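# Just a sequence and a predicted model for now, questions to come.
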Amino acid sequence: MVKITLHGVGGHKADKEGDGDKAEVLVPCPPHEELGLRLHPKRSPVKNLWCLVVSLVVVLCGLVLASVYLYRHYFISQQVPEENFFHCRVLYEDSIYAPLRGRQELEENVGIYLKENYEQISVPLPRFGGSDPADIVHDFHRGLTAYHDLALDKCYIIELNTSIVMPPRSLWELLINVKRGSYLPQTYLIQEEMVVTGRVWNLRPLGFYIQRLCSGKETYRLRRHHSQRRINKREAQNCHSIRHFENTFVVETVICDSV
């Protein structure tokens, strides 16, 4: 309880008359706990729950934005734009192994990356056999070519032959000019011969694109076979061929473990 003393209106005169004129009034005082609540109010459970919900929303928004960023920069960037993707069908004369068969057809998908300066070619299994399906990367920045023989599930690396493989800008212009039709003009076949020289254990020096193509696969180095005698696939053991199109003619790449 709080004790409050009220004095008379008469000033000093009232003081002289003694304590009899004083009036005492007792006013109840609120408990200390109530004072504490008024000075430091506690947070309600609803406010705590609301703060938790807001925090979760902020975290989820951050995850969504991060996912969009990764999708745009790592997934979409690896996709070939429509104007840089070509489905090609080539008619050619095989004067090497089937001169009497007439015209043959080669089908492949070509992705041209002008900014990154490399080409990626996917050759499905031919209808009439004679060569292996393969994925090929021509990296003009590093001057390397990689063949992934899908039938063997092996990779082969060799220096880029710029006399056969057209650079990305030139090949892109060539395919743009014939994009209106289903077939390229009839062409011919040439052959290049290669021999395995050894195993490649470290793919990192080969660059990102070839490393991505050959990761987890047996990878070998190649050298070109410069002998005047042409390799006869019927006589040579462990030889495989890949027919592909990357110029105005079709190339048959013959790869042999030994000659």
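Okay, I see it.

# could you give me the average pLDDT of the one helix or strand Leu65 maps to?
If you go by DSSP states H and E, Leu65 is part of helix 45-70. Regarding helix 45-70, the rounded mean pLDDT is 79.

# wait, is Leu175 part of a helix?
Yes. Counting by DSSP: H, G, I helix; E, B strand; the rest coil, Leu175 is found in a helix.

# and Ile136, how many neighbours?
Ile136 has 23 neighbouring residues, counting by other CB atoms under 10 Å. From N, CA and C alone the C-beta is placed, and that goes for glycine too.

# Now it: closest residue in space that isn't a chain neighbour?
Nearest residue to Ile136 in three dimensions, chain neighbours excluded: Ile121, at 4.3 Å (CB to CB, 6 or more residues apart in numbering).

# Can I take it that the one you found is in a strand?
Yes. Remark: Ile121 belongs to a strand, assigned using three-state DSSP.

# give me every residue that touches it.
108-111, 135-138, 244-246 (CB atoms under 8 Å, 6 or more residues apart in numbering).

# Looking at those residues, which is nearest Ser55?
Nearest to Ser55 out of the contacts of Ile121 is Gly111 (CB to CB; 44.1 Å).

# Does that closest one belong to a helix, a strand or coil?
strand.

# What's the local residue count around it?
17.

# now do Glu93
16.

# ok, back up a step: from the contacts of Ile121, list just the buried residues.
For the contacts of Ile121, a burial check counting by 16 or more other CB atoms under 10 Å picks out 108, 110-111, 135-138, 244-246.

# tell me the two of these that are most distant?
For those, with distances taken as CB to CB, the pair at the greatest spread is Val137 and Phe245 (15.0 Å).

# Show me the helices in the stretch 151-259 of the chain, by range?
168-177, 208-214 (DSSP state H, counting those that start in this stretch).

# Of those helices, which is nearest Ile158?
Per CB to CB, nearest to Ile158 of the helices of the stretch 151-259 of the chain: helix 208-214, 11.0 Å.

# Just the mean pLDDT for the closest one, thanks.
Here the average pLDDT along helix 208-214 is 96.

# residues in contact with it?
Contacts with helix 208-214, where a contact means CB under 8 Å, 6+ apart, come from 116, 118, 120, 135, 137, 139, 142, 144, 146, 148, 155, 157, 203-204, 206.

# In strands only, show me those residues.
Counting by DSSP state E, the contacts of helix 208-214 place 118, 120, 135, 137, 139, 144, 146, 148, 155, 157 in strands.

# tell me which residues form a beta bridge with the third one?
This points to Asp135. Counting by DSSP bridges, Asp135 forms beta bridges with Ser122, His148.

# Pretty sure it sits against Gly111.
No. Judged on CB atoms under 8 Å, Asp135 makes no contact with Gly111 at a distance of 10.4 Å.

# okay, and the common contacts of these two?
By CB under 8 Å, 6+ apart, Asp135 and Gly111 have these common neighbours: 120-122.
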